[in-house]
Each structure stands twice: as C-alpha cells, then as structure tokens.
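[1] Below is the structure, and that's it, no one-letter string:
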C-alpha cells in the first residue's frame with residue numbers, strides 16, 4: 001500500500017513540477033539575464049520575485065515539493081525517483097500549450113525514450129536503500145558540489161540554449177542531493193517532529209541544495225527550450241539520485257545489460273529532442289514562441 005501511494009504521490013509531484021516550470025518560464029520571458037549558467041542570475045532573480053506569475057509558479061513548485069517529501073517518506077529514494085522522469089512528458093504538453101504547437105511524433109518518441117531509459121536504469125533493482133551512511137552523505141554532497149561548479153564554468157562557453165541545458169544538468173545534480181537529504185529529513189520529522197529538524201545537519205543542507213536548485217532551474221528555463229531543460233533534469237536528477245541510493249543507502253547497482261540499454265535509449269532521446277524542429281517554438285523570446293499565459297499577465301507587476 002505504501003509503495004503504491006508513494007508512486008501515486010510521486011506522479012502527482014511530477015505534474016506539479018512540470019506545471020510550475022511552464023508557468024515560471026512564462027514569467028521569465030520579460031526578465032533580463034537569459035544567458036544560461038549563472039551570468040546575470042542576480043538581475044534575473046530580482047526581476048522574477050517581483051512578478052506575481054513567477055510567485056504563483058513558485059507556490060505550485062512548493063506544493064510539488066511537499067508531495068514529493070511525503071512520497072519519499074512512504075517509499076525509497078530509488079522507487080520515488082524512478083517516477084520523476086515522467087516530468088518530461090508533462091513538460092512536452094505544457095510546452096505545446098505555451099507554443100500553441102503540438103509536439104510531433106518524433107518529439108513524443110524522443111521524450112518517451114528518455115523516460116524509458118531513466119526508468120529502466122533506476123528500477124533495475126530496489127534491494128536495500130533504507131538507511132543512510134552519514135559519512136557517505138557528506139562525501140557525496142561534496143562531490144556533487146564540485147561537479148556543479150565545473151558545469152557552471154563550462155556553461156559560459158556555450159550559446160544560451162546549450163548553456164541552459166548544461167545549467168539544467170547542474171540543477172538536476174542539486175535536486176538529486178536534495179532528494180537524499182529530503183529522505184533523511186522526512187524520516188526524522190516523522191519520528192521526532194519538526195522541532196527535531198533543528199538539530200539535524202541534513203535539514204540545513206536541504207535548504208541550501210533546494211535554494212541552489214531553484215536558482216539554477218530559473219537560469220535554465222529563462223534561456224532555453226522547456227523540454228531541453230526538463231530533459232536535462234529528467235536524466236540527471238533520477239540517475240544521480242540512484243547513484244546516491246547505491247553509494248549512500250546501500251541499494252543494489254544496475255546490471256550491465258540494463259545500463260547499456262538505458263544508455264542507448266537516452267542517447268536516442270537526447271538526439272531526437274536536440275534536433276527537433278519544435279525547439280525554436282519552445283525557447284523563450286524566439287520568433288514563434290509564446291508564453292504559457294498571455295503576455296499581459298506575465299508582464300503585470
């Protein structure tokens with residue numbers, strides 16, 4: 001029962017996260033600093049927090065975050081994160097609504113290939129993965145921090161759409177760390193109450209990784225196509241989360257044939273989305289692109 005409830009809640013969180021991303025990208029169409037990476041991120045965030053539409057999107061995201069927290073408490077990290085790739089399919093729907101241009105068959109096939117690849121990878125074996133090793137959590141978080149810094153440095157060498165996808169990978173790494181810390185925090189809150197979180201280091205780490213992930217996500221959404229950004233996070237977040245489940249929680253590693261098949265599906269899906277003729281319509285500020293809501297609402301202060 002808990003397993004089914006965790007999957008259902010995780011699916012609901014996916015819908016909320018995708019809707020939030022679409023709404024917030026609409027808000028970012030008039031914001032400055034749309035270059036990917038962290039260039040101009042201060043001006044971007046200052047503009048966004050003053051936009052009521054972005055605040056609505058942030059509220060939707062917060063509800064999704066709470067839904068994911070409950071799902072993580074009821075199920076393991078590997079189970080919940082295996083559902084998260086479906087965000088990409090919902091993002092395709094919301095991008096189609098925003099652009100008033102329905103995705104092509106190739107777009108759907110590419111999105112489905114990415115989802116299938118990630119799901120195949122992270123659902124290979126769920127044994128273990130219940131209790132975290134504190135020392136390994138710290139080492140894992142430190143390693144991810146180094147990777148994020150490297151990705152952001154690399155992002156500045158690419159044009160905005162590619163930089164946005166690279167930034168989205170960094171955001172996915174941050175949110176993967178968030179999922180690990182959220183699992184630890186949710187379990188502590190269930191046993192000791194919310195006051196018990198004040199003495200839990202993972203709770204403060206959670207606040208940091210969540211905040212960083214939000215900022216990086218906004219930088220990615222403001223610069224590139226929604227499905228590209230969501231695809232990057234769709235691949236990175238569950239994959240890194242599963243690596244964390246193996247390293248930190250002691251879950252079983254995927255078998256070789258599963259890793260090879262999953263990799264092939266991911267490559268096919270990535271190439272398909274990268275070459276999609278719909279990409280220009282999905283990119284904020286590009287000719288033919290439209291907002292998820294009317295421009296006059298996204299511009300209202």
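    Thanks, I have it. All values reported here derive from a predicted model rather than from experimental measurement.

[2] Name all residues that make contact with residue 113.
    With contacts defined as CB atoms under 8 Å, 6 or more residues apart in numbering, the neighbours of residue 113 are 265, 266, 268, 269, 272. From N, CA and C alone the C-beta is placed, and that goes for glycine too.

[3] Quick one: neighbours of residue 106, just the number.
    For residue 106, the number of neighbouring residues by other CB atoms under 10 Å comes to 14.

[4] where's it relative to residue 112, distance?
    The gap separating residue 106 from residue 112 is 11 Å, by CB to CB, to the nearest Å.

[5] How about residue 23?
    24 Å.

[6] Of the two, which one has the most company?
    Using other CB under 10 Å as the criterion, residue 23 and residue 112 rank with residue 23 on top: 25 against 17.

[7] In space, what's closest to the more buried one - neighbours in sequence excluded?
    The shortest distance from residue 23 to any residue that is not its chain neighbour, by CB to CB, 6 or more residues apart in numbering, is 3.6 Å, and that residue is residue 57.

[8] How about residue 234?
    Leaving aside its sequence neighbours, residue 234 sits nearest to residue 88 (CB to CB, 6+ apart; 4.3 Å).

[9] can you tell me the helix or strand for that neighbour?
    When secondary structure is defined using DSSP states H and E, the element that contains residue 88 is helix 87-99.

[10] Over to residue 260?
    Using DSSP H and E, the element containing residue 260 is helix 256-274.

[11] Just send the contacts of residue 113 back as a markdown table, with pLDDT and neighbour count too.
    Converted to a markdown table, those look like this (pLDDT from 0 to 100; neighbours: other CB atoms under 10 Å):
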| residue | pLDDT | neighbour count |
| --- | --- | --- |
| 265 | 87 | 20 |
| 266 | 83 | 22 |
| 268 | 86 | 16 |
| 269 | 84 | 24 |
| 272 | 82 | 20 |
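
[12] what's the closest of those to residue 17?
    Distance to residue 17, by CB to CB, is smallest for residue 269 among the contacts of residue 113, at 18.9 Å.

[13] okay but that closest one is in contact with residue 120, surely?
    No. With contacts counted by CB atoms under 8 Å, residue 269 stays clear of residue 120, the gap being 11.9 Å.

[14] distance between the helix holding residue 260 and the chain's centre?
    Shown here is helix 256-274, whose average C-alpha point lies 18 Å from the average C-alpha point of the whole chain (CA atoms, centre = their mean, to the nearest Å).

[15] The protein: helices as residue ranges?
    Taking DSSP state H as the criterion, the chain contains helices spanning 2-28, 41-49, 52-74, 77-83, 87-99, 105-122, 134-155, 160-192, 201-223, 226-247, 256-274, 279-282, 295-298.

[16] mean pLDDT lowest for which of the ones you listed?
    Per-segment mean pLDDT for the helices of the chain reaches its minimum on helix 295-298, at a mean of 45.

[17] Mind listing what's buried along the helix holding residue 88?
    87, 88, 89, 90, 91, 92, 93, 94, 95, 96, 98, 99 (16 or more other CB atoms under 10 Å).

[18] Reformat these as TSV; add distance to residue 167.
    Converted to TSV, those look like this (distance: CB to CB, whole Å):
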residue	distance to residue 167
87	17
88	17
89	22
90	21
91	16
92	20
93	23
94	20
95	18
96	23
98	20
99	21
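
[19] Look up how far residue 9 lies from the nearest residue to residue 274 once chain neighbours are set aside.
    Nearest residue to residue 274 in three dimensions, chain neighbours excluded: residue 228, at 7.5 Å (CB to CB, 6+ apart). Between residue 228 and residue 9 the distance, using CB to CB, works out to 27 Å.

[20] Could you give the number of residues near the residue nearest to residue 274?
    Residue 228 has 26 neighbours, counted by other CB under 10 Å.

[21] Would you mind confirming that it makes contact with residue 273?
    Yes. Using CB under 8 Å, residue 228 is in contact with residue 273, at 6.3 Å.

[22] per-residue pLDDT, the nearest residue to residue 246 once chain neighbours are set aside?
    Leaving out its chain neighbours, the residue that sits closest to residue 246 by CB to CB, 6+ apart is residue 253, at 5.1 Å. Model confidence at residue 253, expressed as pLDDT, equals 70.

[23] cool, and residue 132?
    65.

[24] What of residue 289?
    At residue 289, pLDDT is 49.

[25] can you check residue 33 too?
    pLDDT for residue 33: 56.
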